[in-house]
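**Q** Sequence and predicted structure are below.
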Amino acid sequence: MNQSLMLGILSVLLCAIAIMLYRMRKKVPTHTLLLVLLLGGSITLLMAYPVRKKANTTTKDKRQTSSINVKQTQSRIPSITQCSCTFRTIKLKRDDYRKQHLPRAISLTKNAYIYNESNKSDYLRKGKLVAVSTITGVHFEDMKNSSRHLTPLAYKRLKELGSLFRAYLKGTKNEKSMFVISSMTRSEEQQEVIRRRFPKTCTYGKTTHGFGVAFDINKIQSPNQCYSCSNALQKALTKMQKEGKLMICPESGCIHITIIS
């Protein structure tokens, strides 16, 4: 019989006995009445205790099983750590944008600035710009106000940067990490949209993005932790900067890179 049902029946019988003894209180000594009640209450408590214990154990088992299931599920889904890339998180030498980045971009491309989509298409036909495909160590965000195009030299340097980044991570838990490109080539029309959205922070006048020789890195996707990845990117950028292949402008939301040779 179910223990809960037995407990209920015993409680009813105990109440009935108590009522009966109460009516016979003149014939039954008081101490006998108290003894019967005490004995009945003790039996009821002894029966109730295993029920509560079993219920608590069941609840605990369910919680432990649930916890195990969650951990097993989490272990099957690889987590990705998003490591921010800004002037606060990666220490890099800053090259002056107006005095260094922009003049070198103009010189390198012979002032081949992209004003609109028609202009961009013309540069693509002439081979001054090329479409950027998958690159080792590099992930591309969806770009609403820029496109995945670069000059052939800038494309070559980006692939070199991706390979160098991965080389510094080889043999570590982060060797499959990727740095993320948030913006690349922009026409003047696209740049104007950004100016309207961010009037206080956006570049006015010509930008190196408009020459197809610039891109922004805003974060690193890592399966483990940020320090080694950030350090690898710092070493890769610094090496290429010292070799005179690119210039760096760390910003509050990204690291701006301009290819110069």
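**A** Perfect, I can see it now.

**Q** Only C-alpha atoms from now on, for both contacts and neighbour counts.
**A** OK.

**Q** pLDDT weak spots in the chain?
**A** Where the chain drops to pLDDT under 70, the residues are 1-80, 199-204.

**Q** hey, where'd the helices end up in it?
**A** Secondary structure of the chain, counting by DSSP state H: helices at 3-23, 30-76, 102-109, 117-126, 152-169, 188-197, 226-242.

**Q** Could you report the neighbour count for I255?
**A** I255: 23 surrounding residues under other C-alpha atoms under 10 Å.

**Q** now swap in the one 3 residues further on and tell me
**A** T258 has 26 neighbouring residues, counting by other C-alpha under 10 Å.

**Q** For R88, give me its contacts.
**A** By C-alpha atoms under 8 Å, 6 or more residues apart in numbering, the contact set of R88 is S252.

**Q** Can you tell me how far it is from I181?
**A** Between R88 and I181 the computed distance is 18 Å (C-alpha to C-alpha, to the nearest Å).

**Q** same check, this time on F215
**A** Counting by C-alpha to C-alpha - F215 and I181 are separated by 7 Å.

**Q** Next: K99.
**A** The gap separating K99 from I181 is 24 Å, by C-alpha to C-alpha.

**Q** Y115 now?
**A** Taking C-alpha to C-alpha as the measure, Y115 falls 22 Å from I181.

**Q** burial of S147, as a residue count?
**A** By other C-alpha under 10 Å, the residues close to S147 number 17.

**Q** you'd agree S163 is up against K156?
**A** No: S163 is beyond contact range of K156, at 10.8 Å (criterion: C-alpha atoms under 8 Å).

**Q** if you count what's nearby, which of the two comes out ahead?
**A** S163 (16 against 13).

**Q** okay, K99 and I181: which has more neighbours?
**A** Higher neighbour count among K99 and I181: I181, with 22 against 9, using other C-alpha under 10 Å.

**Q** who's in contact with that one?
**A** 138-141, 215-219.

**Q** again, but for L158
**A** Contacts of L158 by C-alpha under 8 Å, 6+ apart: none found.

**Q** Ok, S187 next?
**A** S187 neighbours (C-alpha under 8 Å, 6+ apart): 114-117, 120, 146, 209-210.

**Q** same thing but at 7 Å, please
**A** By C-alpha atoms under 7 Å, 6 or more residues apart in numbering, the contact list for S187 reads 114-117, 210.

**Q** so what's the closest residue to I260 other than its chain neighbours bridging to?
**A** Excluding the flanking residues, the one nearest I260 by C-alpha to C-alpha, 6 or more residues apart in numbering is L246, at 5.1 Å. L246 forms beta bridges with I259, as assigned by DSSP bridges.

**Q** Quick one: neighbours of A105, just the number.
**A** By other C-alpha under 10 Å, 25 other residues sit near A105.

**Q** buried set for the longest strand seen in the chain?
**A** Scanning the chain for the longest strand, with DSSP state E as the assignment, gives strand 214-222. Of all the residues in strand 214-222, those buried under the rule 16 or more other C-alpha atoms under 10 Å are 214-222.

**Q** so what strands line up beside that strand?
**A** strand 81-84 (antiparallel), strand 178-183 (antiparallel), strand 255-259 (antiparallel).

**Q** can you list contacts of the shortest one?
**A** In other words, strand 81-84. Contacts for strand 81-84 (C-alpha under 7 Å, 6+ apart): 218-226.
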